[in-house]
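Chemist: make a model of this:
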Amino acid sequence: MTQIIWVLSFMKADLASQWAQRELELKAQRGTLQFMDWQEFEMEFRKDFTLLNAKATAVNTLEGNLHFQGKHSVNDYLDQFCDLIYDSRYTDQKTIVVKFQRGLDCCISSAIGMMAAGRPTDADSEDWFSLAI
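Modeler: From the prediction side, this is the model:
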């Protein structure tokens, strides 16, 4: 129980703060937490704070335009993009390159795509990532 209260004490912002406060208020009323052990706490935490279907969310994001680079740096765009690829479980290199090109700033994407020599293939995402940076 001490470990759970310690973790709750770090939840100081947004939804986590509200969740922790509710749990601590219930403890004050009942004299005990609703969780019997760490496993129950972890299960409840995961239920309330993790996406039910991270894969579907990532795929939907990649199919839309919310992942586009916009005013972000290439490094920031690449970090977000790689997280989405991981969550989506896409493995086909050509699909990954197409999604990356589509979201990349059009000037950068065009410059790489029009390279006369040294242009990466559409099946080599790592080369695309390196050249974009």
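Chemist: list the contacts for residue 112?
Modeler: Counting by C-beta atoms under 8 Å, 6 or more residues apart in numbering, residue 112 touches 101, 119, 120, 128, 131, 132. Placement of C-beta: from N, CA and C, glycine included.
Chemist: the first one: what secondary structure?
Modeler: What DSSP: H, G, I helix; E, B strand; the rest coil gives for residue 101 is helix.
Chemist: what is the neighbour count of it?
Modeler: Neighbour count of residue 101, defined by other C-beta atoms under 10 Å: 18.
Chemist: over to the second one?
Modeler: Here the neighbour count serves as a burial measure; for residue 119 (other C-beta under 10 Å) it reads 13.
Chemist: distance of it from residue 45?
Modeler: Distance, residue 119 to residue 45, using C-beta to C-beta, to the nearest Å: 47 Å.
Chemist: do the same with the last one
Modeler: In this view, residue 132 and residue 45 are 37 Å apart by C-beta to C-beta.
Chemist: which of the two has more neighbours?
Modeler: Comparing residue 132 with residue 45 by neighbour count (other C-beta under 10 Å), the higher total belongs to residue 132, at 21 against 18.
Chemist: pretty sure that one is touching residue 74, no?
Modeler: Yes. In this structure, residue 132 is within contact of residue 74 by C-beta atoms under 8 Å, at 5.1 Å.
Chemist: need the overlap of contacts for those two.
Modeler: 104, 108.
Chemist: having no further points to raise, I will conclude here.
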